[in-house]
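Undergrad: For reference, the sequence and a predicted model appear below.
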Amino acid sequence: MAAMSGPEQAVSPPIPAVPLIRIGGEADAAELAAFAARSFAEAFGPDNRPEDLSAHLAKTFGLAQQSAELRDPNTITLLAYEKGTLLAFAQLRRKPAPACITLERPIELHRFYVDRPAHGTGAAQSLMRAVHDAARQFDGRHLWLGVWEHNARAIAFYRKVGFRDFGSHDFFVGADRQTDRVLAMPIADPRA
C-alpha cells in the first residue's frame with residue numbers, strides 16, 4: 001500500500017500528552033511554592049491591588065507553608081509533570097465544608113492550577129481524574145471547591161467536568177474581601 005503524500009494526506013490531530021502525576025512530598029516544597037505563587041499571581045494579579053496580592057502570596061505560598069501542607073496527613077498534593085517540568089498541581093483537604101455544602105463526606109479541592117502553556121492540552125482533565133482518585137483515598141463521596149466569581153474560565157471548566165453551584169463564601173486576598181462561588185460534585189466512580 002502506498003503512503004499518502006501531498007495536500008490530500010490525512011493529518012491526525014495531535015494526541016494530548018498525559019502528564020506524569022504523583023503525590024508530592026516535603027522535598028517538593030520549594031518547587032511547589034514558586035510554581036503556586038507564580039500561577040496565582042498570573043491568574044489574579046491584574047485584578048488585585050499589589051499590596052493585597054503580595055500579602056496573600058506571602059501568607060499562602062511560602063516555603064514554610066508549602067512544607068507544612070505537604071506534611072499534613074489531611075492534605076494530598078498532586079503534582080503533574082511533562083518532561084520533568086511541573087505544569088500543574090492540585091491540593092485536596094479534609095476540612096469542614098461551608099454551610100451550603102450538606103453533601104455526604106465532602107472533600108475540598110483546595111487548589112487546582114494549570115500553567116498557561118498547558119491550557120488546552122488535556123493536562124487539566126488528567127489532573128482532575130487524579131483528584132477524584134485521591135479524594136477516594138480520603139473516603140470522600142463528594143468534592144467541593146471555592147472559585148472566584150469573576151474567574152469565568154475556571155467556572156466553565158468546573159461546570160464542564162460536572163461541578164454544580166451550591167452557594168458562596170468569602171475569600172480574602174490580603175485585606176480585600178472577595179466572593180467565591182462554592183461548587184460541588186459527586187466523586188467519580190472508578191468503574192465509569
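TA: Looks like it arrived, so ask away.
Undergrad: From here on, just use CA atoms for contacts and neighbour counts.
TA: OK.
Undergrad: Show me what the strand or helix carrying E42 packs onto, helices and strands only.
TA: Using DSSP states H and E, E42 sits within helix 29-44. Helices and strands touching helix 29-44, by 3 or more Cα pairs under 8 Å, 6 or more residues apart in numbering; DSSP states H and E, are helix 50-60, helix 63-71, strand 106-114.
Undergrad: Could you list the buried residues of that helix?
TA: A29, A30, L32, A33, F35, A36, A37, S39, A41 (16 or more other Cα atoms under 10 Å).
Undergrad: where does this structure have low pLDDT?
TA: 1-18, 190-192 (pLDDT under 70).
Undergrad: Quick one: distance of the helix holding E42 to the chain centre.
TA: 12 Å (Cα atoms, centre = their mean, to the nearest Å).
Undergrad: And for that helix, what's in contact with it?
TA: L53, L57, F61, G62, L63, Q66, S67, L70, L86, Y113, V114, D115 (Cα atoms under 8 Å, 6 or more residues apart in numbering).
Undergrad: At the geometric centre of this structure, which residue do we find?
TA: Ranked by distance to the mean C-alpha position of the chain (Cα atoms, centre = their mean), the top residue is F112 at 1.0 Å.
Undergrad: Which residue, neighbours along the chain excluded, lies closest to that residue?
TA: Leaving aside its sequence neighbours, F112 sits nearest to A90 (Cα to Cα, 6 or more residues apart in numbering; 4.3 Å).
Undergrad: Tell me how far that neighbour lies from G174.
TA: According to Cα to Cα, to the nearest Å, A90 stands 22 Å off from G174.
Undergrad: So which of these two has more stuff around it?
TA: Remark: of A90 and G174, A90 carries more neighbours, 23 against 18, as counted by other Cα atoms under 10 Å.
Undergrad: on that earlier part again, single out the most deeply packed of the helices and strands packed on helix 29-44.
TA: Most buried of the helices and strands packed on helix 29-44, by mean neighbour count (mean count of other Cα atoms under 10 Å): strand 106-114, with a mean of 21.
Undergrad: picking that back up, the residue nearest to F112 contacts H110, correct?
TA: Yes: using Cα atoms under 8 Å, A90 is in contact with H110, at 7.4 Å.
Undergrad: Do a quick rundown of the strands in this protein.
TA: 20-23, 75-82, 85-93, 106-114, 142-148, 164-173, 176-186 (DSSP state E).
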